[in-house]
Each structure stands twice: as C-alpha cells, then as structure tokens.
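> Below: sequence and its predicted model.
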Amino acid sequence: MADHKNAHHIVEIPVDPEHQQKMVSAMTTITAMQNHPLMEISQSPGHLLLLKLWQREEDLFGRKIARKESRLNSIRSEISQLCCFFFLFHGFFLTILSASVTYVKNVNEEHDHVCHIWWVPSILSLCTSLVLIFCVEVKLCRYWKVSKQLQRERSDNRSLTRCVQELRMKGASFDLSKEPLNAKRMKSSSVEIKWKPLTWCSQSVTTICLLCLTGLLFPASRFILCV
C-alpha cells in the first residue's frame with residue numbers, strides 16, 4: 001500500500017505543432033538578434049562611438065551639400081538676370097537710337113554731323129556691355145568654385161556612407177583604424193591632365209557668347225546713324 005501511495009504519475013501534455021513552430025521561430029529570432037552586427041556594435045564602446053561620430057558627420061555633410069546646392073541655384077539665377085539685363089539694355093538702346101535718328105531726319109535732312117559722332121553711342125554700348133560681361137564672369141567663377149566644393153563634399157559623403165555601411169555589416173570585426181577616403185586623396189591617386197584654356201572655355205561659354213554679341217553690336221550705332 002505504501003508503494004502505491006508514493007508512486008509518481010507522469011502525465012504527458014500534447015504540444016500543438018503550430019505552437020512548437022512559433023517557439024522555435026522565436027528562439028531563432030532571439031539568437032539572430034544576439035549575433036546581429038548592430039548588437040555587437042552596441043556592446044563595443046569603441047565601435048558604438050565611431051558609428052555615432054560618423055553618423056554626425058553624415059548629417060553635417062548633408063547640411064553643407066544642401067547649402068551649396070541652394071547657393072548654386074542662387075548664382076544661376078543671378079547670371080540669368082544679368083544676361084536678361086544685357087539683352088534688354090541693347091534692345092532699348094538700339095530702339096532709342098533709331099527713334100532719335102528718325103527724328104533728326106524729319107527735322108533736318110542733313111544729318112552728317114550726327115553720323116560723325118557715331119562712336120559716342122558705340123563707346124557707351126561697349127562700356128556697358130563690358131561691365132555686364134565682367135559681372136557675369138565673376139558670377140561664373142564663383143559658380144564653378146562652389147560647384148567644385150560641392151563635388152568634393154559629395155565624394156567625401158559617399159566615402160563616409162560606404163564606411164558606415166561596412167561598419168554596420170561587420171559589427172565588432174570592423175577595423176577601428178580605418179578612415180574614409182577623402183576627395184583630396186582620391187584626386188591625388190588619379191592622374192588628370194587638363195588644359196587650362198580649354199577648361200576656361202568650357203566653363204565660360206556664356207561670357208564668350210556675350211563678348212561675340214558685343215563685337216557684333218559695336219558697329220550697329222554707326223550703321224543706324226549713317227545709313
């Protein structure tokens with residue numbers, strides 16, 4: 001009787017296969033999270049600090065790039081305004097000159113004295129054109145300077161982004177001594193041969209066109225006054 005009272009009964013509880021599969025999936029997820037590179041980074045002070053520093057640099061690069069792009073748009077707008085003023089000035093100038101010649105002819109048929117001073121409006125037109133062209137060239141130089149800075153910062157940002165992605169993928173195995181390759185080192189590693197006059201011509205197409213138009217418009221005053 002004593003043996004019967006002290007006997008232990010083992011009851012087997014059937015486990016639902018779906019519940020068992022969920023338990024296995026949860027255990028697998030927990031194991032994967034523990035072995036994830038971001039978890040390794042969070043447990044390594046050096047890697048975590050490096051990730052935060054690089055993310056801060058990425059944010060700074062993004063702000064600088066946005067400011068540079070806004071500056072380029074502003075300079076483009078200023079160049080367009082100067083070119084519009086150039087054409088408007090010559091349009092009004094030639095219109096007024098033609099109207100004045102017509103008036104002189106109607107008042108006095110002899111207008112030889114007007115023809116002799118053709119160089120006065122021509123010089124006025126030339127000086128105004130050169131001032132406007134000089135302003136356009138200054139804006140173009142500033143534009144290309146900011147454009148080069150923007151390209152360099154974009155290149156540095158891409159290099160930094162690649163390093164951040166590599167750090168997130170490798171985790172604690174990432175080499176802390178590695179640094180992003182900046183644009184200056186990339187430029188020094190690549191050999192570029194550029195002919196300065198050709199570079200200037202490609203960057204100053206607007207200036208060259210305005211100079212050609214100025215040369216064509218210079219004798220226009222003589223043609224209007226003497227014909």
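Nice, I can see it. Numbers count the residues shown, from 1 in each chain.
> is it true that residue 167 touches residue 41?
Yes. With contact defined as Cβ atoms under 8 Å, residue 167 and residue 41 form a contacting pair (7.2 Å). C-beta coordinates here come from the backbone N, C-alpha and C atoms, glycine included.
> joint contacts of these two?
Shared contacts of residue 167 and residue 41 (Cβ atoms under 8 Å, 6 or more residues apart in numbering): 47, 51.
> Contacts only, for residue 130.
Shown in contact with residue 130 (Cβ under 8 Å, 6+ apart): residue 214.
> Relative to residue 97, how far out is it?
Distance, residue 130 to residue 97, by Cβ to Cβ, to the nearest Å: 19 Å.
> And residue 180, which helix or strand is it part of?
Assigned by DSSP states H and E, residue 180 falls within no helix or strand.
> what's the burial count for it?
By other Cβ atoms under 10 Å, 16 other residues sit near residue 180.
> didn't it look like it was pressed against residue 157?
No. Residue 180 lies out of contact with residue 157 (Cβ under 8 Å); the separation is 9.1 Å.
> and the gap between residue 223 and residue 118?
Taking Cβ to Cβ as the measure, residue 223 falls 9 Å from residue 118.
> Who has more neighbours out of the two?
Comparing residue 223 with residue 118 by other Cβ under 10 Å, the one with more neighbours is residue 118, at 18 against 9.
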